[in-house]
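Asker: Need coordinates for the following:
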Amino acid sequence: MAGIYLHIPFCQKKCLYCDFYSVVSGSQIIGFTKAIQIEARKRSYELSGKKIDTIYFGGGTPSMLYHKYIGEILQTLRDAYDIALDAEITMECNPGDVSQMDIARLINYGVNRFSIGAQSFQPKLLKTLGRRHNAEETKELFGYLRSEGITNISLDLIYSIPGEDLDLLRRDLDHILHLNPEHISAYDLIYEQGTPFYEMREKGTLIEISEELSVQMAHKVREVLSLGGYEQYEISNYAKPGYRSRHNSSYWQGLPYIGLGPSAHSYQDSWRSWNASSLNDYNSQLLHNAGFLTRNYERISPEMAYEEYLLTRLRTKEGISLSEMEAKGFPIPQKKIEESIAEGLLEQIGNRFALTEKGLDYADRVIFNLVNG
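Answerer: Here you go, the predicted structure:
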């Protein structure tokens with residue numbers, strides 16, 4: 001199995017915390033739609049012989065694309081790749097775009113999973129994040145999707161937002177539980193270098209909440225969603241039984257995938273590649289340079305593969321399989337594993353070891369110790 005990720009680099013407004021590549025304009029959408037189809041056709045050989053199990057429209061804001069363009073892109077993928085009949089096809093959407101989304105047509109094209117960037121339901125927190133939607137638009141879009149028969153919806157939540165407290169977080173969680181989505185991605189706010197949030201924090205115009213409160217919030221998210229019937233199958237992801245994100249899970253399982261669009265990353269056969277973060281260069285090269293697209297490549301060394309294996313697998317509920325490590329020829333840091341078990345950070349169940357509840361709070365430290373064991 002393999003996956004395809006499509007980076008749709010358009011936004012009406014750049015959120016203050018976001019470090020994903022995007023442009024605040026829609027003027028190049030038509031050219032981009034043609035360019036990404038050219039890239040898809042030219043790179044189909046990379047996944048020759050592999051069944052495509054997941055397709056993911058991310059960004060940026062994919063819901064800015066007119067439904068016709070989503071349909072054209074999906075048809076190109078079906079023509080060029082071996083797409084599984086039951087492939088998971090996800091489209092990220094911003095609640096503020098509800099009035100321009102033709103859900104029925106998107107479903108007809110094959111989109112069967114929607115990921116809504118809710119982030120919060122509190123006007124104060126949405127304003128802090130620089131979001132362009134409100135809570136009512138999130139509820140409206142959710143209800144619209146349900147009325148069209150969509151039974152696989154994911155909601156994004158961000159917590160540890162400046163000015164947030166446990167009461168506001170609990171209100172957000174109550175809103176989510178009331179909507180009752182199949183999947184929830186809950187992210188602890190990160191200040192990525194180069195974002196306005198990072199610069200504001202450095203200048204002191206934005207005050208980061210304390211680490212203690214951030215940990216308390218992570219506990220509250222785990223507690224409330226668990227009681228609500230959601231399984232935490234990865235550090236930041238929760239799902240009802242049978243609704244884990246197949247696309248995201250493929251990343252953590254090390255399955256091959258290609259990324260189409262500017263800034264998109266690809267991985268397979270010990271190689272990583274990525275497209276330049278420039279829509280102008282992307283469109284120019286594919287539309288006016290005989291379809292030749294410049295990409296960056298990186299060979300994944302055995303040391304890097306070992307580190308990434310620990311980093312990705314240990315994020316998941318299942319953790320790491322010792323027999324799989326042996327089969328891959330990876331060294332087993334037995335002493336470091338035993339030390340982490342003694343500290344209550346890891347637990348061993350049969351041939352596997354995984355993070356404990358306490359370990360989830362110190363995941364980065366645990367992984368660092370294992371990698372350097």
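
Asker: For the spatially most central residue of the chain, which residues are in contact?
Answerer: Centroid-nearest residue in the chain: Asn248, 6.4 Å away (criterion: CA atoms, centre = their mean). Remark: with contacts taken as CB atoms under 8 Å, 6 or more residues apart in numbering, Asn248 is in contact with Glu234, Asn237. For the C-beta atoms, the positions are set from N, CA and C on the backbone; glycine is no exception.

Asker: So what's the gap between the helix or strand harbouring it and the chain middle?
Answerer: Secondary structure assignment for Asn248, by DSSP states H and E: helix 246-252. Put simply, helix 246-252 sits 9 Å off its chain's centre (CA atoms, centre = their mean, to the nearest Å).

Asker: How about stretch 298-317?
Answerer: Using CA atoms, centre = their mean, we find the averaged C-alpha position of stretch 298-317 to lie 18 Å away from the chain's own average C-alpha position.

Asker: what does that stretch contact?
Answerer: The contact list for stretch 298-317, computed with CB under 8 Å, 6+ apart, reads 231-235, 249, 251-254, 270-273, 319-321, 325, 328-331, 354-355, 363, 366-367, 370-371.

Asker: distance of Ser340 from Asn180?
Answerer: Applying CB to CB, to the nearest Å, the value for Ser340 to Asn180 is 36 Å.

Asker: In terms of packing, which of those two has more residues around it?
Answerer: Ser340 (25 against 13; other CB atoms under 10 Å).

Asker: Tell me, please, the helix or strand in the chain that averages the lowest pLDDT.
Answerer: Among the helical and strand segments of the chain, the one scoring lowest on mean pLDDT, DSSP states H and E is helix 363-371, with a mean of 89.

Asker: Would you mark the buried spots in that helix?
Answerer: Going by neighbour count (16 or more other CB atoms under 10 Å), the buried part of helix 363-371 is Val366, Ile367, Asn369, Leu370, Val371.

Asker: Spit out the contact partners of the third one.
Answerer: Residues touching Asn369, when contacts are defined by CB under 8 Å, 6+ apart, comprise Lys336, Glu339, Ser340.

Asker: Surely the last one and Leu370 touch.
Answerer: Yes: judged on CB atoms under 8 Å, Ser340 makes contact with Leu370 at a distance of 7.4 Å.

Asker: how deep is the closest residue to Met200 other than its chain neighbours tucked in, by neighbour count?
Answerer: Once its chain neighbours are removed from consideration, Met200 has its nearest residue in Leu206; the separation is 3.7 Å (CB to CB, 6 or more residues apart in numbering). Taking other CB under 10 Å as the neighbour definition, Leu206 ends up with a count of 17.

Asker: if I pick Leu206, what's in contact with it?
Answerer: For Leu206, the contacting residues are Pro162, Phe197, Met200, taking CB under 8 Å, 6+ apart as the criterion.

Asker: Correct me if wrong, but the second one is in a helix.
Answerer: Yes: the assignment for Phe197 by DSSP: H, G, I helix; E, B strand; the rest coil puts it in a helix.

Asker: Count the residues that sit near it.
Answerer: 24.

Asker: any idea how far it lies from Glu211?
Answerer: Phe197 sits 17 Å away from Glu211, going by CB to CB.

Asker: for the first one, same thing?
Answerer: Remark: distance between Pro162 and Glu211 (CB to CB) = 14 Å.

Asker: from memory Asn112 sits against Ile89, does it?
Answerer: Yes: proximity of Asn112 to Ile89 meets the contact threshold set by CB under 8 Å, at 5.4 Å.

Asker: who's more crowded, those two?
Answerer: Legend: neighbour count by other CB under 10 Å for Asn112 and Ile89, higher for Ile89 (24 against 17).

Asker: Could you check how many residues crowd around the nearest residue to the more buried one once chain neighbours are set aside?
Answerer: Taking CB to CB, 6+ apart as the measure, Ile89 lies nearest to Ile55, with 4.6 Å between them; neighbours along the chain are not counted. The local packing of Ile55 (other CB under 10 Å) involves 26 other residues.
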